[in-house]
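Peer 1: need a 3D model of the sequence below.
(4 chains)
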Number of protein chains: 4
Amino acid sequence: MDHEPPTIDRLVHRVRDFVRDEVIPVEEAVRGVAHHHVEGSGYVAGVDARDRELREGLRDAARAAGLLVPHLPAEWGGHGLTALDQAAVFEAAGYSLFGPLALNIQAPDEGNMHLLLHAASAEQQERWLRPLAAGEIHSAFAMTEPPPGAGSDPRALATTAEKVPGGWRISGEKWFITGARDAGVVIVLARTSGEPGDAGGATMFLVEGGAAGMELVRDVHTIDAGLYGGHSLLRFDGCLVPDDAVLGEVDGGFAAAQVRLAPARLTHCMRWLGLAGRAQDLALAHVSERRGFGARLADLGLAQQHLADNEIDLAASRAVIRETARVLDAGDAAGADAGTASSIAKTFVAEAVGRIVDRAVQLAGGQGVSDELLLSRYWREVRPFRIYDGSSETHRWSIAKRAVRAHGKGRRHDLAR
Amino acid sequence: MDHEPPTIDRLVHRVRDFVRDEVIPVEEAVRGVAHHHVEGSGYVAGVDARDRELREGLRDAARAAGLLVPHLPAEWGGHGLTALDQAAVFEAAGYSLFGPLALNIQAPDEGNMHLLLHAASAEQQERWLRPLAAGEIHSAFAMTEPPPGAGSDPRALATTAEKVPGGWRISGEKWFITGARDAGVVIVLARTSGEPGDAGGATMFLVEGGAAGMELVRDVHTIDAGLYGGHSLLRFDGCLVPDDAVLGEVDGGFAAAQVRLAPARLTHCMRWLGLAGRAQDLALAHVSERRGFGARLADLGLAQQHLADNEIDLAASRAVIRETARVLDAGDAAGADAGTASSIAKTFVAEAVGRIVDRAVQLAGGQGVSDELLLSRYWREVRPFRIYDGSSETHRWSIAKRAVRAHGKGRRHDLAR
Amino acid sequence: MDHEPPTIDRLVHRVRDFVRDEVIPVEEAVRGVAHHHVEGSGYVAGVDARDRELREGLRDAARAAGLLVPHLPAEWGGHGLTALDQAAVFEAAGYSLFGPLALNIQAPDEGNMHLLLHAASAEQQERWLRPLAAGEIHSAFAMTEPPPGAGSDPRALATTAEKVPGGWRISGEKWFITGARDAGVVIVLARTSGEPGDAGGATMFLVEGGAAGMELVRDVHTIDAGLYGGHSLLRFDGCLVPDDAVLGEVDGGFAAAQVRLAPARLTHCMRWLGLAGRAQDLALAHVSERRGFGARLADLGLAQQHLADNEIDLAASRAVIRETARVLDAGDAAGADAGTASSIAKTFVAEAVGRIVDRAVQLAGGQGVSDELLLSRYWREVRPFRIYDGSSETHRWSIAKRAVRAHGKGRRHDLAR
Amino acid sequence: MDHEPPTIDRLVHRVRDFVRDEVIPVEEAVRGVAHHHVEGSGYVAGVDARDRELREGLRDAARAAGLLVPHLPAEWGGHGLTALDQAAVFEAAGYSLFGPLALNIQAPDEGNMHLLLHAASAEQQERWLRPLAAGEIHSAFAMTEPPPGAGSDPRALATTAEKVPGGWRISGEKWFITGARDAGVVIVLARTSGEPGDAGGATMFLVEGGAAGMELVRDVHTIDAGLYGGHSLLRFDGCLVPDDAVLGEVDGGFAAAQVRLAPARLTHCMRWLGLAGRAQDLALAHVSERRGFGARLADLGLAQQHLADNEIDLAASRAVIRETARVLDAGDAAGADAGTASSIAKTFVAEAVGRIVDRAVQLAGGQGVSDELLLSRYWREVRPFRIYDGSSETHRWSIAKRAVRAHGKGRRHDLAR
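Peer 2: The predicted model follows:
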């Protein structure tokens, strides 16, 4: 990382040491329970006293280390990192499942802070970005709806916001909303004009946690449990918000959501890449210690195949993330190039991370599928990444369509810029 | 299945209807808890009153339907199925995670019954096979040991059985022992001569559940929870067994274990293939009902790719299982051909089943990784199959070595028999 | 192959010995030139004196060995093989690229004989099947057209046959017609009613080689060169054929083509599987002889991975072929089950064979991509198999649509029959 | 490519336009014959009058355009490109199979120029680098030997150079030597001390083309034909060279070869990536023009899958190349980090390029395997890349070993620098 100033290198090392010394011991201790408890069957997301305590402990440590919200500009308490800088810092944080939570750069808060930074008024920033950046509240981004509403296809948006004197009345259901439980603020995408299927007509609203008419119906239990607050079903039943709850322009919600889209995809990749590197290290430790068939496992050819494939996938993922970060840093992060590049990066990295962790599990054999290592937990955590934030299928479809369209306009691959 | 007598077809249909009418409703109702409860974090294997009740209810229903232990000879209450017949019956049973438990053809009991049938004395059969076949007790097969003992490489066997007047004294640890909890009988492989690493010197012992000196140290918690009793760590601390506890010949344990090996690998494949078919049906139901981007999901090209790949993997898995069953039916099930064929079948089917369920999850999107469908549970259950009963890597290594050896003896692929 | 009568086993052994003793020496000697010469650039298909001599020599040897057309009924000189029997015999023949040519079971003649056997009148059989079965003439099947005509989608059929007194007048172009050069008879699919895009209205015609109005415009040079006569572009310019040139029913051509479709797909698989086995044997010979990094290549883990994957792909391909052959033998070879099964088999085996030969090339390193082994030739020959006779993409599309349709009718995967 | 000075961007555009206007028309015209003629069977490498004329024509055009040897320092006629700059320029050149030949940046000359630049004396540079850079002669690098000599494992080096008064006497065989035919200079690696298997003792010699005692025994015919002069077997039969033929230090040959190794691997990747982009453009053109099943092929889901996978592989390859170029630019190009990074890049890109071209062939259907597009030729040309310059297997083995070693030294993946 020759061309980067020494400061960034120093910051990365500080994050790395912090994660090793302060975060991993906590992760090792609480294992599967994390900031989630179990109830009835399997993982159950949610927030209880133990979760809050866990989070606050990690936040305090990060704050003391000067590592809270490193990505934000200095006026918001951070280091004003470029996307390329973030790539290194977030990967180092992601080396533990709890690292991003500690540094307050986890999803969806990190993406929401980015959105507020670029789309909110000064008053809105003071009210919501200030406590978010300080790690005092957490937030949710409510776009996805139960079928037949907005899912892979945002234009199916069915939740409505009706203009009333002094504000808006929101009605509809939002599904799979991460962090909605106990959120201080929920950013809601609702239709202010047009019909489901229309390309425009959406507006973003800032809804305070606990607002009347916004009900958390139930949690959606999933195979992952690493995101604070889990995923929930929200119901808006004529929820009334004031005029100044509008984030950005009325009817400009789809465009404004683009501001968040590409960067949030990429920070996901950065964090999960960190965890994939950890999985490889756990696998390396296992095969370096164990023996079988008269040799150290690490020296058996079929283990070497997995180890090498993991190194290749790690290096390729890192390269794709960094090149995409350069695209974001260079220009319009909500533009078409950033959209295509981040779509490709998200698809590639989500699948590569899945392969890496799966091979690590395989390398660790019986222990890999047990609770004796952290691998089986990581394996569960990374699976949904191929589905969340646009499934691999949706991205491929979009990538192919753009390639055909670009070809139609005479663009060629000998100048991929 | 033209060439098979109508009776087998009728039996398969009866199993199918039984699973649909009696088993799936129970599976739908108890979901993740199955015959396992949850405690602390994630799945916890074990046996409690609810588990016993669940199992007994399913067993009673199967007994009433005349479908208990269909594979065993008539004198043990079954239909005397060939391996080829079993392929169809076990697949139909495996269509629910609880089907094999209901029919008493689940692992490891089914393989243990097979072993007792072929290697036990009449007295031993009467004492242990009788209640096993009746579904009154369950059993365990204790071969695997914690490192550096027997794992992928059985010759590393470190547990010892020392001859004492009137019997044997067993000492050592056995790890990842499925169904050990509450087992009526545990078949233990112990070294009666030689050193760890030697190719011979192993003996099998029938140890009664609750025997003095056999302690269940702890459960090994894993990502799967479908096997009754879960997996445990057993400790033998000078456990004394009488002379008639020897199953087969003294020092003949490795050879006798072969009797169980190939058939047990293949019945695993049959059962999991059933579940893979179920996963595809759940995915088909999802994409047939849902719409996106202006079309039924089932009609989108990228969904079609997954659907077709699943059909291909299902058909290829079934073909491999059936051809291998024919090899077993034709000759020496403990011989080299059966070993190679079942090794190939296990590797192919374990990976194909993993791909099928993973694609089904992907097809179902957010619901696929949630508890709203059974898919996420199936996804966890099938993962260890690539590791249990010989990892894909161990099998590949063995397949390659046999291919090189056969080539050295002049065998060619133009006559693969 | 225990359950098959000894006669079939004996026949397979005779074919195997014949290929080893009579065919492989010729293949080794003529290498790349085969029954094709080179002219200008790369392979050039065609028929010259040397090709004819080569073919006649091989045919004479097969005739002398009593191995010509083994698949045909006894009255046509063969052994009346079932599809299952053919699986073993054709695989043994396919062990050399020239084996099927020697035995007169190569594409497209073998499929054409099958079609004549099931759809031709006694007079037509006597006139065309007799000399084909005797290996005196060869034949072509002209269905595919240049775009926008019939390709993956047969209904796009654009070649027309217009009724005239006493016969039909055929006009249009046929592309990629294998064996058209010097063919004794060409089976032409032409539209006798309706428009391109219609589901019906096609008729098959038997056109004598050299007929006026049928012109061989040019050869289509391809990466494969193993099919006698290569591939050509034919032009029909009002080619006049008599009424008795109609094969089957007028307007019944699409249905009649189904008679040929599933069996021809499967015999392709059988022959190529033989060649894949040969590739694995060549790779085994290479890695068994060579050393590197202080070990025999065959004992290096990364070679073992390829060797094992090849064994698995070979076994799975054979299993899929045999199960599909049983479906064909059991019932209506032109029916829906045979169509689906053979579609799955073709897709799976074409891809597996491609993987096997590619791995064999990789195992042989520099020699693998040189002319010093036969592997690089095999690698070229098998590539088009993923495209010819329905590309993998077309088959997957069709497999997915059938799965969705079957699901809609209540069919489930717990009873895959 | 925001951060790069406009000059590089301009240079890339000039190369792109030059390839489009001057090189592709020649490539289209000479097709398969290229700078190679055909003789007997399949491709035959070699150099004849037509080849020379072709090369000289392209060179003259590049010289006129000021685009010859753009990578070299200004004093040698180039633009002094960094590795990162080369990535863009070489990719643009590689968009035609003949682009690198035209610009005089093809293998092995480009790597040899690099080596001479870093390891040769001023006199050696003047004698050999001068005419090479001017495109007046071409060169070869003779390291690989027939088994059991140096292949994947360079330490097996068996060719010897014996000290004689005033010089050295070289004896041994070199195999698969690209460009040896008509080469002006051959760089020969020979053992000056120690035994085959020893880690040291190698020396590089500059042997003039046509030197007595260096015989071109025969050409090695391969599936690729894009490298000028093809591949040959050389025999050294006491070939006498003067003392000043030693390139670098006596016994320092292995270390000096490292200078060439990593950069040469990476420039291979750059050139082939260009061709992969071209293949994707040819596929896009095909599917944009053709229709099937009632739609444009480009809009069919199973085509979209291939198109998207190609876009992803292209982007990931470019990212890996550029990140590796940054590593080379930043430090010791012969060091361990550059070795690992270039090893990973070579493995990833060779396989990605193979996948891309294979998918492009598949997308183009029958035309893809014919001579009607350039795709089938590209498909042959890229296959050996997975074997040349270290096979994927050798690289994976080395990557795994380094990962295990680094782990043993405490290196972790949270700081991949």
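
Peer 1: now for the host helix or strand of residue A:52, which elements pack on it?
Peer 2: Assigned by DSSP states H and E, residue A:52 belongs to helix A:49-64. Counting contacts by 3 or more CB pairs under 8 Å, 6 or more residues apart in numbering or on different chains; DSSP states H and E, helix A:49-64 packs against helix A:24-30, helix A:99-103. The C-beta positions use only the backbone N, C-alpha and C, and glycine is treated the same way.

Peer 1: list the buried residues in it.
Peer 2: Neighbour-count burial for helix A:49-64, with 16 or more other CB atoms under 10 Å in any protein chain shown as criterion, is recorded at A:51, A:54-55, A:58-59, A:61-63.

Peer 1: can stretch A:157-172 be found next to chain B?
Peer 2: No: if you take CB under 8 Å from any CB of the partner chain as the test, stretch A:157-172 misses chain B, and the best it gets is 12.9 Å.

Peer 1: all strands for chain A, in order.
Peer 2: Applying DSSP state E to chain A gives strands spanning A:37-38, A:43-44, A:139-142, A:160-164, A:167-178, A:185-191, A:202-208, A:214-220, A:231-242, A:246-247, A:291-292, A:295-296.

Peer 1: so what does the third one touch, helix or strand wise?
Peer 2: Judged by 3+ CB pairs under 8 Å, 6+ apart, the packing partners of strand A:139-142 are helix A:109-119, strand A:167-178, strand A:185-191.

Peer 1: please compute how far that strand lies from its chain's middle.
Peer 2: 12 Å (CA atoms, centre = their mean, to the nearest Å).

Peer 1: dump the strands of chain A to TSV, plus mean neighbour count.
Peer 2: Output for these, formatted as TSV (neighbours: other CB atoms under 10 Å in any protein chain shown):
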stretch	mean neighbour count
strand A:37-38	18
strand A:43-44	22
strand A:139-142	28
strand A:160-164	16
strand A:167-178	23
strand A:185-191	27
strand A:202-208	24
strand A:214-220	17
strand A:231-242	20
strand A:246-247	22
strand A:291-292	18
strand A:295-296	12
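
Peer 1: rank those by pLDDT, which is bottom?
Peer 2: In terms of mean pLDDT, the lowest-scoring of the strands of chain A is strand A:37-38 (a mean of 38).

Peer 1: please name the residues that touch the residue of the stretch 151-300 of chain A found nearest chain C.
Peer 2: Proximity of the stretch 151-300 of chain A to chain C (CB to the nearest CB) peaks at residue A:300, 5.9 Å away. The neighbours of residue A:300, taking CB atoms under 8 Å, 6 or more residues apart in numbering or on different chains as the test, are A:292-293, B:393, B:397, C:301.

Peer 1: try 10 Å
Peer 2: A:287, A:291-294, B:152, B:393-394, B:397, C:301, C:304 (CB atoms under 10 Å, 6 or more residues apart in numbering or on different chains).

Peer 1: out of the residues you listed, which comes closest to residue B:70?
Peer 2: Distance to residue B:70 across the contacts of residue A:300 (CB to CB) is lowest for residue B:394, with 31.0 Å.

Peer 1: any idea how far residue C:19 is from the closest one?
Peer 2: For residue B:394, the distance to residue C:19 equals 35 Å [CB to CB, to the nearest Å].

Peer 1: which one is whichever residue of the stretch 301-417 of chain A sits closest to chain C nearest to, not counting chain neighbours?
Peer 2: As assessed by CB to the nearest CB, chain C sits closest to residue A:301 within the stretch 301-417 of chain A, at 0.4 Å. Nearest-residue entry for residue A:301: residue C:301, 0.4 Å, with adjacent residues in sequence omitted and distances by CB to CB, 6 or more residues apart in numbering or on different chains.

Peer 1: how's chain A carved up into domains?
Peer 2: A:6-106, A:139-247, A:254-408 (automatic domain parsing).

Peer 1: get me the contact residues on the stretch 1-150 of chain A for chain D.
Peer 2: By CB under 10 Å from any CB of the partner chain, the part of the stretch 1-150 of chain A that sits against chain D consists of A:1-3, A:9, A:12-13, A:15-17, A:19-20, A:24, A:84, A:88, A:91-96, A:99.

Peer 1: drop anything exposed from those residues.
Peer 2: The neighbour-count criterion (16+ other CB under 10 Å) marks A:1, A:12, A:15-16, A:19-20, A:24, A:84, A:88, A:91-96, A:99 among the residues of the stretch 1-150 of chain A next to chain D as buried.

Peer 1: widest-spaced pair of the residues you listed?
Peer 2: A:24 and A:84 (25.8 Å).

Peer 1: nearest residue to residue A:125 other than its sequence neighbours?
Peer 2: residue A:116 (5.8 Å).

Peer 1: again, but for residue A:309
Peer 2: residue A:359 (6.3 Å).

Peer 1: how about that neighbour, what does it touch?
Peer 2: Counting by CB under 10 Å, 6+ apart, residue A:359 makes contact with A:276, A:279-280, A:283, A:303, A:305-310, A:313, A:368.

Peer 1: and residue A:224, what are its phi and psi?
Peer 2: phi -100, psi 160 (degrees, to the nearest 10).

Peer 1: how many neighbours does it have?
Peer 2: 23 (other CB atoms under 10 Å in any protein chain shown).

Peer 1: if I look at it, how far off is chain B?
Peer 2: 7 Å (CB to the nearest CB, to the nearest Å).

Peer 1: equivalent analysis for residue A:17, please.
Peer 2: From residue A:17 to chain B the distance is 28 Å (CB to the nearest CB).

Peer 1: what's the least confident stretch among the helices and strands packed on helix A:49-64?
Peer 2: Mean pLDDT is lowest for helix A:24-30 among these, at a mean of 88.

Peer 1: which residues touch the residue of the stretch 1-150 of chain A found nearest chain C?
Peer 2: In the stretch 1-150 of chain A, the residue that lies nearest chain C is residue A:147 (18.0 Å; CB to the nearest CB). Contact partners of residue A:147, counting by CB under 10 Å, 6+ apart, are A:156, A:158, A:175, B:289-292, B:297, B:365-367.
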